[in-house]
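Peer 1: turn this into a model:
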Amino acid sequence: MKKIFIECCLETYNEAVLAEKKGADQIEVCSDLRLDGLTPKFKLIEKIRDNISVPIKVMIRPRGGGFCYSLSDLKEIQNQINVFKSIGIKHIVCGILKKNNRVNIDSFKKISDVCHPMKITFHKAIDKSIDFFNDIEALVRTNRLDSLLTSGQANSAAEGSETIKKVINIFGGNIKVIAAGKITSTNLINIHEKIGGKYYHGRKILGNLN
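Peer 2: Model (predicted):
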C-alpha cells in the first residue's frame with residue numbers, strides 16, 4: 001500500500017501530544033467539535049506550536065450555525081487570521097458559502113489575501129454546495145487553494161467514496177483532496193482501498209487520543 005498522509009483533528013494540548021506520538025503527519029486544531037469545529041484559543045495554539053513538531057492547521061470559524069457570514073463575521077475571521085499569522089502559523093482551515101449554498105468565491109479571495117502567504121484548506125462546507133463540482137473548480141481556479149476537505153457530500157467518507165474518488169481524479173493534480181467523515185483507525189485501510197487517495201482526516205483516525 002502506498003504511503004498515506006494522516007491528518008488528525010483535535011481540540012486539546014494532550015491530544016496533540018498523543019497525535020504526534022501515534023504518527024500524525026499533520027494536526028488540525030479546533031474548539032467545539034460538537035459544533036463541527038470553531039476557532040481555537042490563541043494560547044492553546046502557542047503551546048502546541050512551542051512543543052509539538054507536527055505541522056499545524058488552525059480552524060478559522062468564529063461561530064457555529066452555518067457558513068454564510070456577515071460583514072462583522074468576515075472582519076472577525078480576518079482578525080483571527082492575523083493573530084495566528086503573527087505567531088508563525090502557516091496553514092488555516094476555513095469555508096464560506098452564500099445564502100444559496102454556493103461557495104462565496106469573492107469572500108474566499110478576500111480571506112486568502114489576508115492569509116498570504118499562509119496555506120488554505122477549504123473545509124467540509126463544500127459538501128453543502130448545491131453545485132459541488134463547479135464550486136470546487138471555481139476554488140481551484142483562484143490558484144489560492146492548497147487543500148479541500150470532503151466526505152463526498154455523504155454522511156461519511158465510506159458512503160461518499162465514489163464522489164471523493166471523482167474529485168481526486170479531476171482536481172487531485174492541482175490541490176490536495178483530503179477524505180474525511182467518520183474515518184477511524186479501524187476503517188482507514190478499508191476506506192483507502194475504496195478511494196485510493198493519499199490524504200485522510202479524522203477525529204479518531206489514530207484511535208482515541210485520551
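
Peer 1: how about the top strand by length along the chain: buried residues?
Peer 2: When the chain is scanned for its longest strand (criterion: DSSP state E), the result is strand 5-10. Buried residues in strand 5-10, defined by neighbour count with 16 or more other CB atoms under 10 Å: Ile6, Glu7, Cys8, Cys9, Leu10. (C-beta placed from N, C-alpha, C; glycine too.)

Peer 1: ok, now stretch 36-52?
Peer 2: Asp36, Gly37, Leu38, Thr39, Pro40, Leu44, Ile45, Ile48, Arg49, Ile52.

Peer 1: surely the fifth one touches Glu11?
Peer 2: Yes. Judged on CB atoms under 8 Å, Pro40 makes contact with Glu11 at a distance of 7.3 Å.

Peer 1: overlap in contacts of those two?
Peer 2: Residues touching both Pro40 and Glu11 by CB atoms under 8 Å, 6 or more residues apart in numbering: Val29, Cys30, Ser31.

Peer 1: still on that earlier bit, format the buried residues of stretch 36-52 as CSV; extra columns: pLDDT, distance to Pro117 and secondary structure.
Peer 2: As requested, the buried residues of stretch 36-52 are arranged in CSV below (pLDDT from 0 to 100; distance: CB to CB, whole Å; DSSP: H, G, I helix; E, B strand; the rest coil):
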residue, pLDDT, distance to Pro117, secondary structure
Asp36, 85, 27, coil
Gly37, 91, 24, coil
Leu38, 96, 25, strand
Thr39, 97, 20, coil
Pro40, 98, 21, coil
Leu44, 98, 23, helix
Ile45, 98, 18, helix
Ile48, 98, 21, helix
Arg49, 97, 17, helix
Ile52, 97, 22, coil
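
Peer 1: follow-up on the earlier one: could I get the longest strand of the chain in PDB with only the CA atoms?
Peer 2: Backbone C-alpha positions of strand 5-10 (Å, rounded to 0.1, in the frame of the first residue of the first chain) are rendered in PDB as follows:
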ATOM      1  CA  PHE A   5      -0.900  11.100   4.900                       C
ATOM      2  CA  ILE A   6      -2.800  11.200   8.100                       C
ATOM      3  CA  GLU A   7      -4.300  14.400   9.400                       C
ATOM      4  CA  CYS A   8      -5.700  14.200  12.900                       C
ATOM      5  CA  CYS A   9      -8.400  16.600  14.100                       C
ATOM      6  CA  LEU A  10      -8.200  17.600  17.800                       C
END
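
Peer 1: run the chain-centre distance for that strand.
Peer 2: For strand 5-10, the distance from its own C-alpha centre to the chain's C-alpha centre is 10 Å (CA atoms, centre = their mean, to the nearest Å).

Peer 1: which stretches of the chain form strands?
Peer 2: Taking DSSP E as the criterion, the chain carries its strands at 5-10, 26-29, 56-59, 91-94, 119-122, 147-150, 176-179, 199-202.
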